[in-house]
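# Fold the following, please.
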Amino acid sequence: MVISSAWTLRQHFQGFPKASDFQLKKETLPEPKDGEVVVEAVFLSVDPYMRPYSQTKMKEGDVMIGEQVAKVIKSCHPSFPVGCYVTSKCGWRTHYVCRGADLTPVPPNWPKDVSISLALGAIGMPGLTALLGLEEVCEIKKGETLLVNAAAGAVGSIVGQIGKLKGCTVVSCAGTDAKVAYLKELGFDHAFNYKTVPSLEDALKKAAPNGYDCYFENVGVISPGVVMPQMREFGRIAVCGSISMYNDTTPQKGIALHHSLQV
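From the prediction side, this is the model:
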């Protein structure tokens, strides 16, 4: 018999999430059937998408959505023996009975000096988001100039590193000096704190006087009105996230950008 603890959504968030919005519940799990396994969570993900998705894809009382790296502790599936590690979308719970079809195996030769938590980060969904956004949406090319905001985040930090590997000039911004220092450690060409620079427009122009070929947007309405006029002809934009707005209780007013767009 396995008893699972799960964080459930006690009530939908209003503004920033609070501890009182969650409730910890326990449940006794059934024994796994053929084709099923029991997993034990090792790492749980906490991702920005959970905030807006909880409003549209969850009911009050549901287990909080999210991915996890888990260890198989009981198995009735030949492809997932006891002791192996998997990723799954089990949410914020300690244990769960899963179908094998819902699991992704973690490679058994995973390097011992690399945290398995990266299966939820650089080698997981955030890393794939960065890769597809740059290669499929932006179609980034060697020698181009890339701008990424929220650049110290799980997606943004990978975007910038891929940009450097592609031979691009990477301009990045973040909201604290500590994050800016981290971006410089990653080797990005330019990094600045958008909250403290005297002029965001001037900071962007100084970093890339000839403009930007690609813009990876993670934030929302903080900078598009400043960035769009600095996009080069045939520039491409990957709209990935809007984290500046996820906790708003009233919609933010948009910025008229039509004059910056050319058909």
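
# ok, D202 - how many residues close by?
Look at D202: counted by other Cβ atoms under 10 Å, it has 11 neighbours. C-beta coordinates here come from the backbone N, C-alpha and C atoms, glycine included.

# so how far is P209 from it?
In this view, D202 and P209 are 11 Å apart by Cβ to Cβ, to the nearest Å.

# same deal with I140?
From I140 to P209 the distance is 20 Å (Cβ to Cβ).

# just M231 next, same as before
14 Å.

# These two: who's more crowded?
More neighbours surround M231 than the other of M231 and P209, with 19 against 9 (other Cβ under 10 Å).

# Can you spell out which residues form a bridge with that one?
Y212 (DSSP bridges).

# Let me know the pLDDT of the nearest residue to N218 once chain neighbours are set aside.
Nearest residue to N218, sequence neighbours excluded (Cβ to Cβ, 6 or more residues apart in numbering): A150, at 3.7 Å. If you check A150, the pLDDT there is 92.

# Equivalent analysis for P198, please.
So P198 comes in at 95 (pLDDT).

# And what about it, helix, strand or coil?
At P198, secondary structure determined by DSSP: H, G, I helix; E, B strand; the rest coil is coil.

# what number of residues lie near the residue nearest to N218?
27.

# State the distance from it to V82.
A150 is 40 Å from V82, by Cβ to Cβ.

# For the residue most central in space within the chain, which non-adjacent residue is closest in space?
By Cα atoms, centre = their mean, the chain has its centre lying nearest to P126, at 4.4 Å. In space, not counting the residues next to it along the chain, P126 is nearest to A154; the distance is 3.9 Å by Cβ to Cβ, 6+ apart.

# That neighbour and L120, how far apart?
Taken as Cβ to Cβ, the span from A154 to L120 is 9 Å.

# Could you check which of these two is surrounded by more residues?
L120 (24 against 21).

# My guess is the more buried one contacts S45. True?
Yes - the criterion here is Cβ atoms under 8 Å, and L120 meets it with S45 at 4.6 Å.

# anything in contact with each of these two?
E67, Q68 (Cβ atoms under 8 Å, 6 or more residues apart in numbering).

# distance between the lowest-mean-pLDDT helix or strand in the chain and the chain's centre?
Least confident helix or strand of the chain, by mean pLDDT, DSSP states H and E, is helix 224-227 with a mean of 80. With Cα atoms, centre = their mean, to the nearest Å as the basis, helix 224-227 stands 22 Å off its chain's centre.

# thinking again about what came up before, what is in contact with A154 and L120 at once?
Common neighbours of A154 and L120 (Cβ under 8 Å, 6+ apart) are P126.

# Dig out what the closest residue to V39 other than its chain neighbours forms beta bridges with.
Closest residue in space to V39, ignoring its immediate chain neighbours: A70 at 3.7 Å, by Cβ to Cβ, 6+ apart. Legend: beta-bridge partners of A70 under DSSP bridges are A41, V86.

# Check the one 5 residues further on too.
Taking DSSP bridges, one obtains V37 as the residues bridged to S75.

# Surely it and P32 touch.
Yes - here S75 reaches P32: they are 7.1 Å apart, a contact under Cβ under 8 Å.

# ok now do Y96, which residues does it touch?
Per Cβ under 8 Å, 6+ apart, neighbours of Y96: S4, L29, V38, V39, A70, S88, C90.
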